[in-house]
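>>> Build me a model:
(one chain, ligands or ions: 1)
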Amino acid sequence: MAGIQCPYCRSAVALDRIGVHFQKFCSAIQSESMRDASMKKFNQFYLQLQSHARGEITTEELQAEANELFRLK
Ligand SMILES: [Zn+2]
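Numbers count the residues shown, from 1 in each chain. Predicted coordinates for the structure are as follows:
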């Protein structure tokens, strides 16, 4: 299973664990509002995960999408 670096806490996370990582395990997500925002973004990111699963984008491209999408503003 491929993985990416969490855009928030920088730990390595398997692709099928990213959603639950944001929900429960990310040490960098410390507020309810940040968690809600990350889950909304995760719904968008899910489309990218599906593209990756079909081999349309590489893991490196997926990482770049994650960094862009979840970038802290
Ligand atoms: Zn994290």
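>>> alpha carbons only for contacts and neighbour counts from here, please
Fine.
>>> doesn't residue 66 make contact with residue 38?
No: Residue 38 lies out of contact with residue 66 (CA atoms under 8 Å); the separation is 10.9 Å.
>>> Let me see the ranges of the helices in the chain.
18-20, 32-53, 59-69 (DSSP state H).
>>> Show me what the second one is packed up against.
This points to helix 32-53. helix 59-69 (3 or more CA pairs under 8 Å, 6 or more residues apart in numbering; DSSP states H and E).
>>> which parts of the helix it packs on are buried?
59, 62, 63, 65, 66, 67 (16 or more other CA atoms under 10 Å).
>>> and if you look at stretch 21-36?
Buried residues in stretch 21-36, counted by 16+ other CA under 10 Å: 21, 22, 26, 29, 35.
>>> Just the residues contacting that stretch, thanks.
8, 9, 13, 38, 39 (CA atoms under 8 Å, 6 or more residues apart in numbering).
>>> Show me which residues of this protein are close to the ion?
Proximity of the chain to the ion, by CA under 5 Å from the ion, involves residues 6, 8, 9, 26.
>>> Name only those of those residues that count as buried.
6, 8, 26.
>>> Any chance of the backbone angles for residue 70?
Dihedral angles of residue 70 (phi, psi; degrees, to the nearest 10) stand at phi -100, psi 10.
>>> For the residue lying closest to it once chain neighbours are set aside, what are phi and psi?
Using CA to CA, 6 or more residues apart in numbering and skipping the chain neighbours, the partner closest in space to residue 70 is residue 7 (6.3 Å). Torsion angles at residue 7 (phi, psi; degrees, to the nearest 10) stand at phi -60, psi -20.
>>> mind listing what residue 1 touches?
Residues near residue 1 by CA under 8 Å, 6+ apart: 14, 15.
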